[in-house]
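Asker: Quick one, structure for this:
(one chain, ligands or ions: 2)
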Amino acid sequence: MNTEHDTDYQYRERVVVPRPEKELRFRNGRIPGYFSIFLGGLSLAAVLAYLFPSYLTTTDLRAAYDAEALQDVLKYGMWFSLFFGITTFVLDRRKRLGAAGIAMTLIAFALGGYNVPVGPVEPKPLSLGVDWLILAFLGSTIVFTSLEKLFPKYREQVILRDEWGLDFFYFCLNHLLISAVLLFGNFLVTHFEWVASDSLQAAIQSTPLWLQVVLLILVADFVLYWEHRVFHEVRRLWPFHAVHHSVETMDWLAGSRAHVVQIFIERGLVMLALYLLGASKEALDIYVTFAALQAIIIHSNLNVPWGPIKYLLVTPQFHHWHHSSEKPAIDTNYSAHTVLFDRLFGTYHFPKAHWPAEYGTTQKLPGSYLGQLFYPFRRR
Ligand SMILES: [Zn+2]
Ligand SMILES: [Zn+2]
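Answerer: Ligands and ions are numbered 1, 2, ... in the order given. As a prediction, the model looks like this:
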């Protein structure tokens with residue numbers, strides 16, 4: 001099927017019921033409560049990362065930031081966590097959240113706070129990406145929550161929507177496992193090095209940077225298209241990918257939900273393909289940044305006029321259709337970066353005037369992390 005618009009299908013508007021009781025407001029204590037716990041949790045994690053950098057920071061990422069300068073940011077995070085925590089007591093609302101935030105910050109102070117000495121780090125092959133998690137979560141929350149508030153597709157949708165905690169857990173896990181995923185990718189690379197062609201790699205590196213980036217995007221897109229399609233169309237594999245599709249509210253956090261098996265396979269395959277291509281490090285860095293941002297944006301509750309870009313690149317509307325449980329959208333829009341391969345291989349579905357009314361899987365999945373982890377291994 002290669003349709004822009006299914007003429008037999010009655011497209012409907014999505015209904016989002018307002019939930020004032022879940023709204024984040026200062027007066028009801030939710031804003032100071034969640035801010036306190038958010039900053040307290042991040043501060044405690046950061047202090048632990050300063051204390052045990054070999055085990056809790058990422059070798060490649062460490063080279064990109066100034067750990068001592070970030071202690072200034074940590075200082076503000078800790079004091080603001082205390083301030084917001086105390087505010088919940090002043091307001092007499094959400095005191096439990098405030099107390100938890102204060103408790104975490106006090107533990108962080110007791111462990112050395114923002115004065116833990118920063119020295120040389122002995123790199124370990126396998127570590128938890130706590131630094132990556134903190135920076136990504138802080139950056140994503142600020143940028144994408146603001147964008148979703150400024151240009152929402154569904155204005156009524158609340159930030160703390162159903163199952164946000166589950167997706168937050170996935171977000172944390174995906175970031176903590178970064179060095180394990182990189183290790184797995186490198187393991188694949190060392191086993192397929194014999195495929196690499198020096199002359200091809202030299203030819204690619206001699207092309208302009210922008211062309212290398214375009215090539216990386218197209219090669220990764222081709223690999224991701226088929227990996228994604230196989231996960232949908234091979235019966236035994238679908239339950240692994242169904243986890244990603246079980247999300248029923250789309251926002252920037254929703255895309256984090258994915259089975260760990262799929263994450264390793266997907267990232268490993270892309271790393272291998274990009275390694276074999278042999279582009280320059282600069283081009284790879286641009287690609288990785290582009291891919292990471294696009295992956296978040298396409299799940300977001302975001303409605304901005306993309307103009308002609310939407311006929312070229314995967315945008316929220318396009319990927320939201322991939323997550324729809326409505327009939328004309330099933331098994332369509334597999335692409336991750338450009339819409340090219342869906343066009344080419346007959347799986348394009350993009351009724352431009354419409355957005356999906358329903359998201360999720362036709363068969364309901366368990367609602368817990370462990371339930372979803374073991375879901376693909378259950379006897380059917
Ligand atoms: Zn899918
Ligand atoms: Zn998705």
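
Asker: residues near Glu233, how many?
Answerer: 11 (other C-beta atoms under 10 Å). To be clear about C-beta, it is placed using only N, CA and C from the backbone, and glycine gets the same treatment.

Asker: okay, now His241: neighbour count?
Answerer: Applying other C-beta under 10 Å, we find 22 residues neighbouring His241.

Asker: now swap in Arg25 and tell me
Answerer: Using other C-beta under 10 Å, Arg25 has 11 neighbouring residues.

Asker: That one contacts Ile31, correct?
Answerer: Yes: under the criterion of C-beta atoms under 8 Å, Arg25 is in contact with Ile31, at a separation of 6.2 Å.

Asker: I figured Gly175 hits Gly139, correct?
Answerer: Careful, residue 175 is His and not Gly. No: if you go by C-beta under 8 Å, His175 and Gly139 don't touch, sitting 11.4 Å apart.

Asker: Grab the nearest non-local neighbour of Ala295.
Answerer: Gly255 (5.7 Å; C-beta to C-beta, 6 or more residues apart in numbering).

Asker: so that neighbour touches His299, yeah?
Answerer: Yes: proximity of Gly255 to His299 meets the contact threshold set by C-beta under 8 Å, at 3.5 Å.

Asker: Please list all residues in contact with Leu182.
Answerer: Shown in contact with Leu182 (C-beta atoms under 8 Å, 6 or more residues apart in numbering): 60, 271.

Asker: Help me confirm that it is found in a strand?
Answerer: No: looking at Leu182 with DSSP: H, G, I helix; E, B strand; the rest coil, it is helix, so not inside a strand.

Asker: I'd like to know which helix or strand in the chain has the lowest mean pLDDT.
Answerer: Counting by mean pLDDT, DSSP states H and E, the chain has its least confident helix or strand at helix 59-62, which shows a mean of 85.

Asker: other SSEs contacting it?
Answerer: Packing contacts for helix 59-62, counted by 3 or more C-beta pairs under 8 Å, 6 or more residues apart in numbering; DSSP states H and E, involve helix 130-150, helix 178-192.

Asker: after the shortest one, next one along is what?
Answerer: Spelled out, that is helix 178-192. Once helix 178-192 ends, the next helix or strand along the chain (criterion: DSSP states H and E) is helix 198-205.

Asker: That following helix packs against which elements?
Answerer: Looks like helix 198-205 contacts helix 209-233, helix 260-277 (3+ C-beta pairs under 8 Å, 6+ apart).

Asker: Nearest to Val47 among those would be which one?
Answerer: Val47 lies closest to helix 260-277 among the helices and strands packed on helix 198-205, at 27.5 Å (C-beta to C-beta).

Asker: how near is the residue nearest in space to the middle of the chain to Phe169?
Answerer: For the chain, the residue sitting closest to the mean C-alpha position, by C-alpha atoms, centre = their mean, is Ser256 at 4.2 Å. Distance from Ser256 to Phe169, counting by C-beta to C-beta, to the nearest Å: 9 Å.

Asker: same deal with Val47?
Answerer: 21 Å.

Asker: Between these two, which is the more surrounded one?
Answerer: When neighbours are counted by other C-beta under 10 Å, Val47 comes out ahead of the other of Val47 and Phe169, with 25 against 15.
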